[in-house]
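Novice: Sequence plus the predicted model coming up.
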Amino acid sequence: MSATSDMRATHDMCASRASGAPGATGATDAAVAPWRHRRRAAIATRLLHGAPDAAATLDWEALDNGPDWLAAPDADLIRMQRRIGAFACASAIRLWIDRRRIAEACAAVGDAVLREALAARDAAQTAPPWPTTMPEPGGDVAEWLRTTGAAVQAAAVADTALGRTVALALCGCADGALPMAPAVARDVVARAAGVGVAASAAETVR
């Protein structure tokens, strides 16, 4: 199947699922609110695009129980992943003396978010260390933060029906999640999301 045909099939599948078409959903799907259809379709689209074979095995309950960030637009998801990466790697970033790296991290997540991440002392800071490949000298700090954040997100759903599919879709491999407890990963995600909202609100007030 060509790439174009594959994308068309993905689009058709998501549209069918989102509309509650006969054969694609159960009888109760007709009562699902429009926003839930859109959310489900957004999650299905992302997973079908990133991990089509694994996503095809998921049921409606798995999609409906997915975290909100999985339905976010691409730009918002990338922004969130960078913030999560900053929180997850705060202990490493604190040791940096390279001003260029620090400036790039600040540019990637925003000054307020980076300061909050570096000041945080949460479950992630006391958990057993997990392997993270540090960016090479001159490497892309923003991308390092993003990929680390994606791996934390995969860990956050590792104990759910979406675990393997999300790891494939966001990290490119089934074992892409960081080896951290799902509860710890969810705490890191929640903290990053909270400081992100606060930082955005502060920028809006300005």
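Specialist: It's in. All values derive from a computational prediction rather than experimental measurement. Residues are numbered from 1 along each chain as shown.
Novice: shaky segments in the chain?
Specialist: Scanning the chain for pLDDT under 70 picks out the ranges 1-32, 121-138, 196-206.
Novice: 80 instead?
Specialist: For the chain, the stretches with pLDDT under 80 are 1-33, 120-139, 195-206.
Novice: Please name the nearest non-neighbouring residue to residue 66.
Specialist: Spatial nearest neighbour of residue 66, excluding adjacent residues (C-beta to C-beta, 6 or more residues apart in numbering): residue 43 at 4.8 Å. Every residue, glycine included, has its C-beta placed from N, CA and C.
Novice: What is the helix or strand harbouring that neighbour packed up against?
Specialist: Element membership of residue 43 [criterion: DSSP states H and E] is helix 34-50. Secondary-structure packing of helix 34-50 (3 or more C-beta pairs under 8 Å, 6 or more residues apart in numbering; DSSP states H and E): helix 3-19, helix 52-55, helix 60-64, helix 163-171.
Novice: Please tell me I have it right and the residue nearest to residue 66 contacts residue 70.
Specialist: Yes: contact criterion C-beta atoms under 8 Å: residue 43 and residue 70 qualify, at 5.0 Å.
Novice: Between the two, which has more neighbouring residues?
Specialist: More crowded of residue 43 and residue 70, by other C-beta atoms under 10 Å: residue 43, with 29 against 20.
Novice: any idea how far the closest residue to residue 47 other than its chain neighbours is from residue 118?
Specialist: If the residues on either side of it in the chain are set aside, residue 47 comes closest to residue 55, at 3.9 Å by C-beta to C-beta, 6+ apart. As judged by C-beta to C-beta, to the nearest Å, residue 55 and residue 118 stand 36 Å apart.
Novice: And for residue 73?
Specialist: Where residue 118 is concerned, residue 73 sits at a distance of 28 Å (C-beta to C-beta).
Novice: Neighbour count: the two, which is higher?
Specialist: Taking neighbours as other C-beta under 10 Å, residue 73 and residue 118 compare with residue 118 leading, 15 against 10.
Novice: Skipping adjacent residues, who's closest to the more buried one in space?
Specialist: Closest residue to residue 118 apart from its sequence neighbours, by C-beta to C-beta, 6+ apart: residue 90 at 5.4 Å.
Novice: Could you chop this protein up by domain?
Specialist: 3-65, 73-205 (automatic domain parsing).
Novice: just these: most buried one?
Specialist: Ranked by mean neighbour count, the domains of the chain are led by domain 73-205 with a mean of 18 (mean count of other C-beta atoms under 10 Å).
Novice: What ranges does this protein have for its helices?
Specialist: Ranges of helices in the chain, per DSSP state H, are 3-19, 34-50, 52-55, 60-64, 74-88, 90-93, 99-109, 111-119, 123-126, 141-156, 163-171, 182-205.
Novice: Thanks a lot, catch you later.
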